[in-house]
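A.B. asks: Here is my input, please return the structure:
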Amino acid sequence: MKRNIDLAEISDGKFYTTNDLAKLGCNDCIGCSKCCENMGVSIILDPLDIHRLTIATGLTFEQLLIDKIELNIVDGVILPNIKMNQKNICPFLNEENRCSIHEHRPGFCRIFPLARIYENNDFRYILQIHECQKEQKTKLKIKNWICTDDINRNHSFINNWHYFLLSVSQKLSAESESSIKQITMFILNMFYLTPFRKDIDFYDIFNERLKNARSALDI
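C.D. replies: Presented below is the predicted three-dimensional model:
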């Protein structure tokens with residue numbers, strides 16, 4: 001997602017990698033679920049997020065669309081996001097105000113209150129200083145905070161997906177309305193509606209689909 005922001009206003013002014021330490025420790029968020037409330041459509045889901053959600057819930061993409069996720073246009077591309085419930089909280093927050101899918105939570109949730117800054121065909125992290133209300137945080141290594149399998153391949157996946165969407169967005173700006181619809185539906189089908197097999201490595205399948213999509217779209 002493209003955002004015009006002043007880093008001096010929202011961050012501590014530092015750039016981080018996964019091997020760096022940052023003040024993120026919050027005693028396992030005990031007694032707090034503020035970051036799971038009033039998020040609007042901001043928790044945009046990538047293909048790995050959806051793959052994880054289908055594993056965690058046993059639901060298909062179409063079934064998740066009933067009341068857990070929704071579709072919106074982001075920079076010209078149709079993408080899914082977490083759908084807040086009638087109380088304006090995440091539908092995966094349980095009665096104890098704890099995440100019911102924590103092991104399979106989306107990437108957005110894994111890095112919060114960090115954010116990604118993309119430049120020079122890569123990305124780094126910033127620490128958003130106004131997002132988390134917990135005080136007296138302790139320093140943790142960022143890769144431990146994110147807690148995802150194969151952090152290096154995950155980094156490559158996130159980066160490749162971002163720059164693919166950027167290329168698509170640029171391509172759509174010069175296309176007709178009918179072509180835009182075809183392209184956006186192609187991406188939705190290729191990366192979301194067509195499930196990733198659970199018995200084959202996700203990144204291998206994604207990289208093959210990304211290669212085919214780039215070839216088909218000539219980007």
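
A.B. asks: buried stuff in the helix ranked longest in the chain?
C.D. replies: When the chain is parsed with DSSP state H, its longest helix is helix 151-172. Judged by neighbour count using 16 or more other C-beta atoms under 10 Å, the buried positions of helix 151-172 are 153-155, 157-158, 160-162, 164-165, 168, 171-172. The C-beta positions use only the backbone N, C-alpha and C, and glycine is treated the same way.

A.B. asks: now swap in stretch 187-206 and tell me
C.D. replies: Buried-residue list, stretch 187-206, by 16+ other C-beta under 10 Å: 187-188, 190-192, 196, 202-203, 205-206.

A.B. asks: ok, so of the residues you listed, who is nearest R105?
C.D. replies: Closest approach to R105 among the buried residues of stretch 187-206 (C-beta to C-beta): F202, at 15.6 Å.

A.B. asks: any weak-confidence spans in this structure?
C.D. replies: Residue ranges of the chain with pLDDT under 70: 1-4.

A.B. asks: check contacts around the residue of it most remote from its centre.
C.D. replies: When distances are taken from the C-alpha mean of the chain, S176 lies farthest, 28.5 Å away, according to C-alpha atoms, centre = their mean. By C-beta atoms under 8 Å, 6 or more residues apart in numbering, the contact set of S176 is empty.

A.B. asks: now N81
C.D. replies: Taking C-beta under 8 Å, 6+ apart, we find N81 in contact with 41-45, 69-72.

A.B. asks: quick revisit: return the distance of the residue farthest from the centre of the chain relative to N189.
C.D. replies: Going from S176 to N189 by C-beta to C-beta, to the nearest Å gives 20 Å.

A.B. asks: As TSV, the buried residues of helix 151-172 with distance to A8 would be great.
C.D. replies: Below are the buried residues of helix 151-172 laid out as TSV (distance: C-beta to C-beta, whole Å):
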residue	distance to A8
R153	33
N154	29
H155	26
F157	30
I158	25
N160	30
W161	28
H162	23
F164	30
L165	27
V168	31
K171	33
L172	32
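
A.B. asks: and of those residues, the nearest to K139?
C.D. replies: H155 (20.9 Å).
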